[in-house]
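# Sequence first, predicted coordinates after that:
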Amino acid sequence: MTDITPDPTSPSSIVPDPAAPNSAESASASRKRFLRQVLRLAGPYWNCKRCGRVRGATLLLLLLTMAQVALSVWGNYWHRALYDALEQRSVAGLMLQVAIFALIITLSIAITAAHLMVKRWLQIDWRAWLTEQLSSKWLAEGRHYRLRYTGGEHDNPDQRIAEDIRIATESAIGLAHSLTFSLLTLGLFIDILWSVSGAIDLPGTTMHIPGYMVPLAFMYAIFGSAFGLLVARPLVSSTNALQTAEATFRFGLSRVRENTEAIALLRGEALERAGSTSRFRQVIRGWNRQSWAYLGLVSFGTGYGSLLPVLPILVAAPQYIAGAMSLGVLMQAAQAFERLTASLSWPVDNIGEIARCRASADRVLSLYEDMEELDVRTRPENGPRIEMARTGEGGLVIENLCIAEPSGRVLLEGLSEEIRRGERVLITGDPAVTGGLFKVIGGLWPWGEGRVRLPKEGGMLFLAQRPFLPEGPLREAVCYPCAHDDFPRERVLDALERVGLGRLASRLDEADNWEEALPQRVQQQLGFARVLLQRPAWVFLEEATDAFDPEGERQIFELLFRELPEATVLNISFHPDLAPLHHRTLVLHRMAETKVLFGGRREDNGVH
């Protein structure tokens, strides 16, 4: 069968938007909208049905973070008392500090453990909620199918849902916690450092600077942050490029796994190896680009971090030597300086994780937005679209139907037909047009004009050329998309026997990848077993017997018509011998001249 999928490399495959901004403007707009988009996507999580638990866990996480900060402040004062006891050579004072330290350690372990569990619960719960939201939207109303025919950044949607949501949710909560901790630490340790660092007189001047170590900490952190951000600037783009390359590489390997038989028969291994090697070279290039981005950041971070513990001691040493502060106060000031600077350096310390989170969130958001854009573009008010409605009075009514490609190029126009209940219609002609009609009736193809009114009553079942067989027990594959326990085991066995697959009865509970384990004819027989099980009022077939020999094809249709005498059957096939088994034949031809749909009207547009 010839698909109506347009060539993605063809300039006519996607209709250009004249109002679309250039890439630089688009990137700038994307950065400006990023926070708003994240809030739009993630904000509803805190207002979902289980918002009580979510908000409670968030509040508990905040309280535990505050407790961690309080323990940090307590530890700072403990260091002062410890070094004062050592300076005084007080054994009693030293033993007291040992006991206090044991209490601090015990509380730290308990609070850190509780904090870890609450944070991980929030991370997995948010991931579960967001995965459900995105996968439900993707796997509804045929979006996962139609998304292939639209422009946008939504490659490998499965990887975006499985991997990028995980990275984005885990990193976002981790970053939120560390930022909150840093802000609380900043507020408390400014006061501590101001009070313990005392004042200094600048040599040769009368200038008196109280709490001089506080502005020094700010200067050190601001310089480090500014320089670090400059050095790490390429990290965001390199991380995004690497994650995209990794996803493309994984997708290529999974595609080979899903088509192993065809590749082996065609001896296409060499070409697939070349494609895999080419995709992995992109991973290597992305990795090397990210490595260079990390190199500058790590080099700077090493020097910056090594100087941090030493600098405050050197700065405050003159006051200690002069007797203006005790050893305990000196060490408390040094630790407070280090804590304050570390809080101010949060952007630099987390630039790698921010880049990782941003890249994954961008990929999730682009998939979400492209699905929303797809919904907008397929609305009738936004251009010519095929109108689907379940309002037929017992029949299938097609009114002035025009089928087009996503590019707007018309394949068929002016089709008006009424198919009554119980009719058996053979549809033949141009494969692209017949395949398009099959997708239109199935609700997958909105591109075109006209109206399709489906019957109000009666179940509908579509059988494609290769029926989808999910991995798992054979019984589940036969009953799909219904649950396997919807049908008694005896009925399933009887359906298999009637379509000539009684030999599979012993494998009914066996799990396997049935699309690879069974030949195509057996897969098509399983499709007819589904029809016998579900007994729909409307059966739509698209080359569902092309793997049969003529006699087997005749027998399977006679079985279908005998078992479901009241069912309406629309059969797309290119085997003329089937015509006597149907009430009538509908022949569909592709349009001879090229026409294109634009703005709700058809225009001659020349050859593409």
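Cool, the structure landed.
# G552: neighbour count?
Residues lying near G552 (other Cβ atoms under 10 Å) number 15. The way it works is simple: take the backbone N, C-alpha and C, and place the C-beta from them, glycine included.
# Phi first, then psi, for it.
The phi and psi values for G552, taken as degrees, to the nearest 10, are phi -60, psi -40.
# please renumber so the chain begins at 20
In the new count, where the first residue is 20, that last one comes out as G571.
# so what's it scoring on pLDDT?
With respect to pLDDT, G571 scores 92.
# Enumerate every residue touching it.
G519, R540, T564 (Cβ atoms under 8 Å, 6 or more residues apart in numbering).
# Helix, strand, or coil at the last one?
Following DSSP: H, G, I helix; E, B strand; the rest coil, T564 is assigned to coil.
# can I assume it is in contact with S592?
Yes: under the criterion of Cβ atoms under 8 Å, T564 makes contact with S592 at 6.9 Å.
# and those two? which has more neighbours close in?
Taking other Cβ under 10 Å, T564 and S592 do not tie; T564 has more neighbours (25 against 22).
# Backbone dihedrals for that one, please?
Main-chain torsions, T564, degrees, to the nearest 10: phi -130, psi 20.
# Provide a list of residues in contact with it.
Neighbours of T564 in contact, by Cβ under 8 Å, 6+ apart: Q543, G571, E572, I575, F576, S592, H594.
# where does the stretch 270-419 of the chain dip in pLDDT?
For the stretch 270-419 of the chain, residues meeting the criterion pLDDT under 70 lie at 280, 399-402, 411-412.
# how about the helices of it, start to end?
279-284, 288-326, 330-340, 346-363, 365-368, 370-396 (DSSP state H, counting those that start in this stretch).
# quick one: which of these is nearest L58?
Closest approach to L58 among those (Cβ to Cβ): helix 370-396, 10.9 Å.
# Give me the buried positions along that closest one.
By neighbour count on 16 or more other Cβ atoms under 10 Å, the buried set for helix 370-396 is 370-390, 393, 396.
# what sits against the closest residue to Q309 other than its chain neighbours?
The shortest distance from Q309 to any non-neighbouring residue, by Cβ to Cβ, 6 or more residues apart in numbering, is to S257 (4.2 Å). Under the criterion of Cβ under 8 Å, 6+ apart, the contact list for S257 reads G305, R308, Q309, W311, A312.
# repeat that with 6 Å
Counting by Cβ atoms under 6 Å, 6 or more residues apart in numbering, S257 makes contact with R308, Q309, A312.
# Could you do W97 as well?
Counted by Cβ under 6 Å, 6+ apart, W97 has contacts I119.
# Now the helix or strand that contains it: average pLDDT?
Per DSSP states H and E: W97 is located in helix 70-107. Helix 70-107 shows a mean pLDDT of 90.
# how far is it from where the chain is centred?
37 Å (Cα atoms, centre = their mean, to the nearest Å).
# could you give the angle of the next helix or strand after that helix to helix 370-396?
Once the chain leaves helix 70-107, the next helix or strand it forms, by DSSP H and E, is helix 110-157. Relative orientation of helix 110-157 and helix 370-396, computed by axes from the mean of the first three to the mean of the last three Cα atoms, to 10 degrees: 20 degrees.
# any idea of the mean pLDDT in helix 110-157?
Rounded mean pLDDT across helix 110-157 is 92.
# now it: how far from the chain's centre is it?
Offset of helix 110-157 from its chain centre (Cα atoms, centre = their mean): 28 Å.
# What are the buried residues along the following helix or strand past that helix?
Once helix 110-157 ends, the next helix or strand along the chain (criterion: DSSP H and E) is helix 162-165. Of all the residues in helix 162-165, those buried under the rule 16+ other Cβ under 10 Å are R162, R165.
# Output helix 162-165 as CSV, nothing but the C-alphas.
Once non-C-alpha atoms are left out, helix 162-165 reads as follows in CSV (Å, rounded to 0.1, in the frame of the first residue of the first chain):
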residue,chain,number,x,y,z
ARG,A,162,-2.3,13.1,18.1
HIS,A,163,0.6,10.6,18.3
TYR,A,164,-0.1,9.9,14.6
ARG,A,165,-0.9,13.4,13.3
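# immediately after that helix, which helix or strand?
The C-terminal neighbour of helix 162-165 among helices and strands, as given by DSSP H and E, is helix 176-178.
# what's next to that following helix, contact-wise?
Around helix 176-178, the neighbours that count as contacts under Cβ under 6 Å, 6+ apart are W157, A266, L386.
# buried set for it?
P176, Q178.
# cool, stretch 487-495 as well?
Neighbour count says stretch 487-495 has L488, P492, L493, R494, E495 buried, by 16+ other Cβ under 10 Å.
# Save those residues as JSON lines, and put in pLDDT too.
Formatted as JSON lines, the buried residues of stretch 487-495 follow (pLDDT from 0 to 100):
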{"residue": "L488", "pLDDT": "88"}
{"residue": "P492", "pLDDT": "92"}
{"residue": "L493", "pLDDT": "92"}
{"residue": "R494", "pLDDT": "92"}
{"residue": "E495", "pLDDT": "91"}
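# Name the nearest of those relative to R185.
E495 (27.5 Å).
# Against G324, how distant is L359?
15 Å (Cβ to Cβ, to the nearest Å).
# Counting neighbours, go ahead and name the busier of these two.
The neighbour comparison of L359 against G324 (other Cβ under 10 Å) goes to L359, with 28 against 15.
# Would you mind measuring from the more buried one to P234?
Distance, L359 to P234, by Cβ to Cβ: 11 Å.
# Same question for R581.
Distance of R581 to P234, given as Cβ to Cβ: 92 Å.
# do F559 as well
Relative to P234, F559 is positioned 76 Å away (Cβ to Cβ).
# Tell me who's in contact with R409.
Taking Cβ under 6 Å, 6+ apart, one finds L473, K475 in contact with R409.
# hey, C-alpha coordinates of stretch 242-260 in CSV?
The C-alpha trace of stretch 242-260 is given here as CSV (Å, rounded to 0.1, in the frame of the first residue of the first chain):
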residue,chain,number,x,y,z
PHE,A,242,33.1,38.3,40.9
GLY,A,243,33.1,34.5,41.0
SER,A,244,29.5,34.3,39.8
ALA,A,245,30.0,36.7,36.9
PHE,A,246,33.1,35.1,35.7
GLY,A,247,31.7,31.6,36.2
LEU,A,248,28.5,32.4,34.3
LEU,A,249,30.6,33.8,31.4
VAL,A,250,32.8,30.7,31.3
ALA,A,251,29.8,28.4,31.5
ARG,A,252,27.7,30.2,29.0
PRO,A,253,28.1,27.6,26.2
LEU,A,254,27.0,24.8,28.5
VAL,A,255,23.2,25.2,28.0
SER,A,256,23.3,24.9,24.2
SER,A,257,25.9,22.1,24.3
THR,A,258,23.8,20.1,26.9
ASN,A,259,20.7,20.5,24.8
ALA,A,260,22.5,19.4,21.6
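# outside of stretch 595-604, which residues touch it?
Applying Cβ under 6 Å, 6+ apart, the external contacts of stretch 595-604 come out as E442, R443, V444, L445, P569, F576.
# coming back round to it: element containing the residue nearest to Q309?
Applying DSSP H and E, one finds S257 within helix 254-277.
# what comes up buried for that helix?
Within helix 254-277, judged by 16+ other Cβ under 10 Å, the buried ones are 254-255, 257-269, 271, 275.
# if we can go back for a sec, closest to E189 among the contacts of G571?
The closest of those, once distances to E189 are taken by Cβ to Cβ, is R540, at 47.1 Å.
# if we can go back for a sec, make a markdown table out of the buried residues of stretch 487-495 and add secondary structure and distance to D177.
Output for the buried residues of stretch 487-495, formatted as a markdown table (DSSP: H, G, I helix; E, B strand; the rest coil; distance: Cβ to Cβ, whole Å):
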| residue | secondary structure | distance to D177 |
| --- | --- | --- |
| L488 | coil | 19 |
| P492 | strand | 23 |
| L493 | helix | 25 |
| R494 | helix | 26 |
| E495 | helix | 21 |
